[in-house]
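Novice: Take a look and give me a structure for this.
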Amino acid sequence: MFGIFKSKYNLINSGLMKGMTDIHSHVLPGVDDGSPDINTSLSLLRYMESIGLREVWLTPHIMEDYPTLNKKLQQQFDVLKAAYSGPLNLRLSSEYMMDAAFTNKLDGEVLPLGSSHLLVETSYMYPPPGLPDILMKIWNAGYQPVIAHPERYLYMEEKDYLLLKEKGYSFQLNLMSLSGYYGPHPKVVSEKLLKQKMYDFVGTDLHHLERYRPMLDQLRLTRRQLEALEGLIANNARI
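Specialist: Numbers count the residues shown, from 1 in each chain. The predicted structure follows:
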């Protein structure tokens, strides 16, 4: 599909993102550190159209700093859908910080990805107390934990990734980690985890366009990396 003579290929020009379902974005206006208003959200959606996406899950942060209730999220979602007239299929979910208040939400208060996947994260610096127990509670509540951007967690080592995968939990790659958008460490780790086939899904984690757009426009990947991403994109569509 990608030829054999060039060592690196532009991701957007490869066509891989055409028809893609994005399972991680911060486009919902006025609820977290992503889009601040409806006009910004519409600009983000137009950009997502331009790179070929088909469906976008809006996954605002739910954490101590952003304790937004589902009712408020649904209201903002309805406002955005009413204002947006493009071809993207918009879906509503959330990205949950596994903090002290999180497990109380598992009794019917979460917005999953589809019927059975739950997008979760931790602090970049430290794991929450009792992380294995929290993940097991998610599992026991009937959800498949999808751990967002594990390559960004500075406290994780290879043994931690292996243990989480052995438990059956899913990993979601931040696409821009491969570009160095978050710094050299997440880039190195994301390349390694992708090569080892540790990821299950991929998301843009789009918050704004200022740095994201030019870096994505220039993102070049090897043939093997593109083939690995193709499998993750296929998994996204099945959520």
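Novice: can you give me the strands in the protein?
Specialist: 9-10, 21-22, 55-58, 61-62, 89-92, 95-97, 117-121, 144-148, 170-174, 201-203, 220-221 (DSSP state E).
Novice: Give me whichever of those is most buried.
Specialist: strand 201-203 (a mean of 27; mean count of other CB atoms under 10 Å). C-beta coordinates here come from the backbone N, C-alpha and C atoms, glycine included.
Novice: Just give the strands next to that strand in its sheet, each with its orientation.
Specialist: strand 170-174 (parallel) (DSSP bridges).
Novice: Give me the contact list for the partner strand.
Specialist: For strand 170-174, contacts defined as CB atoms under 8 Å, 6 or more residues apart in numbering pick out 23-24, 117, 119, 144-152, 161, 164-165, 181-182, 186, 190, 193-194, 198-205, 232.
Novice: Restricting to C-alpha, output it in PDB.
Specialist: Provided in PDB are the C-alpha atoms of strand 170-174 (Å, rounded to 0.1, in the frame of the first residue of the first chain):
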ATOM      1  CA  SER A 170      -6.500  -1.500  26.200                       C
ATOM      2  CA  PHE A 171      -4.000   1.300  25.200                       C
ATOM      3  CA  GLN A 172      -4.900   4.400  23.100                       C
ATOM      4  CA  LEU A 173      -2.000   6.100  21.300                       C
ATOM      5  CA  ASN A 174      -2.000   9.800  21.000                       C
END
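Novice: Just want the angle from it to strand 117-121.
Specialist: 60 degrees (axes from the mean of the first three to the mean of the last three CA atoms, to 10 degrees).
Novice: avg pLDDT for strand 170-174?
Specialist: Per-residue pLDDT values across strand 170-174 average out to 99.
Novice: Taking strand 144-148 as reference, get the angle to it.
Specialist: 30 degrees.
Novice: what's the spacing between stretch 230-239 and its chain's center?
Specialist: 12 Å (CA atoms, centre = their mean, to the nearest Å).
Novice: would you list the strands of the chain in a markdown table and tack on distance to Asn70?
Specialist: As requested, those are exported to a markdown table (distance: least, CB to CB, whole Å):
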| stretch | distance to Asn70 |
| --- | --- |
| strand 9-10 | 39 |
| strand 21-22 | 21 |
| strand 55-58 | 13 |
| strand 61-62 | 9 |
| strand 89-92 | 9 |
| strand 95-97 | 12 |
| strand 117-121 | 14 |
| strand 144-148 | 19 |
| strand 170-174 | 21 |
| strand 201-203 | 21 |
| strand 220-221 | 37 |
